[in-house]
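Chemist: Need a 3D model of the sequence below.
(chains A and B)
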Amino acid sequence: AQTVTQSQPEMSVQEAETVTLSCTYDTSENNYYLFWYKQPPSRQMILVIRQEAYKQQNATENRFSVNFQKAAKSFSLKISDSQLGDTAMYFCAFMKHGWSGAGSYQLTFGKGTKLSVIP
Amino acid sequence: NAGVTQTPKFQVLKTGQSMTLQCAQDMNHNSMYWYRQDPGMGLRLIYYSASEGTTDKGEVPNGYNVSRLNKREFSLRLESAAPSQTSVYFCASRALGTYGDTEAFFGQGTRLTVV
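Modeler: Here you go, the predicted structure:
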């Protein structure tokens, strides 16, 4: 079974600064997807960014980028120019690719990192 | 476009009562999921349905049952609620894309309290 570990339960950052959230995972699979989801106080789960394991290039979405290290099984999220609206819980998630036996369709989450952006 | 709709949004149950959480998606997605979220525990998978007609246990299935009624709807039933089932429940759905899998879309969640 896959596991996802987020080692930082809480973090804070000054507005306009940069912060990096850590995520490591454990899997024997070669093809998979990784995601970062954001959950603001409204409770809605919002996709921030996704990464396909077969792609060497790190994904970016505006102020959000990832550092994907496949060999190290590491998938960190960098938020640049932090804004007050970035205050939220952030979850890292793992999903196997395709139709390949048990667990093919499961999306496994880490325990989350609570990020506070300070004015 | 409603996306994933969960009902109800809030519910209080007495220990031993039963109830069904409803989930419907209008995105023609194949796979649907039920998660529970507890403080410090992240989202834990209860049950999932890879496609219409199939259901499988996730990480924490005890005390729950599910029904994939059709492609749109996936319900979660608590037969005899216990205080340990106090949680926020999320339904999610996902498509199987032409070039592989896609991300999951979530409902707004149901806050359930069992007293």
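
Chemist: any weak-confidence spans in chain A?
Modeler: Scanning chain A for pLDDT under 70 picks out the ranges A:98-105.

Chemist: in it, which spans are strands?
Modeler: Remark: strands assigned in chain A by DSSP state E are A:3-5, A:10-14, A:19-21, A:24-26, A:32-39, A:46-52, A:60-61, A:64-69, A:74-79, A:88-96, A:107-109, A:113-118.

Chemist: Please apply the same query to chain B.
Modeler: B:4-7, B:10-13, B:19-25, B:31-38, B:42-49, B:56-57, B:64-68, B:74-78, B:87-94, B:96-97, B:100-101, B:105-106, B:110-114.

Chemist: least reliable of these going by mean pLDDT?
Modeler: Least confident of these, judged by mean pLDDT, is strand B:100-101 with a mean of 56.

Chemist: Could I get the strands of chain B in a markdown table, plus columns for mean neighbour count and distance to chain A?
Modeler: (Each C-beta comes from the backbone N, C-alpha and C, glycine too.) Listed next are these as a markdown table, based on neighbours: other C-beta atoms under 10 Å in any protein chain shown; distance: least, C-beta to the nearest C-beta, whole Å:
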| stretch | mean neighbour count | distance to chain A |
| --- | --- | --- |
| strand B:4-7 | 18 | 10 |
| strand B:10-13 | 14 | 11 |
| strand B:19-25 | 19 | 14 |
| strand B:31-38 | 24 | 5 |
| strand B:42-49 | 22 | 4 |
| strand B:56-57 | 14 | 8 |
| strand B:64-68 | 18 | 13 |
| strand B:74-78 | 20 | 13 |
| strand B:87-94 | 23 | 7 |
| strand B:96-97 | 12 | 8 |
| strand B:100-101 | 19 | 6 |
| strand B:105-106 | 20 | 4 |
| strand B:110-114 | 18 | 8 |
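
Chemist: Would you mind giving the ones you listed as TSV with distance to residue A:32 added?
Modeler: Shown next, in TSV, are the strands of chain B (distance: least, C-beta to C-beta, whole Å):
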stretch	distance to residue A:32
strand B:4-7	23
strand B:10-13	35
strand B:19-25	24
strand B:31-38	16
strand B:42-49	16
strand B:56-57	18
strand B:64-68	25
strand B:74-78	24
strand B:87-94	14
strand B:96-97	15
strand B:100-101	9
strand B:105-106	19
strand B:110-114	29
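
Chemist: I am finished for the moment; much appreciated.
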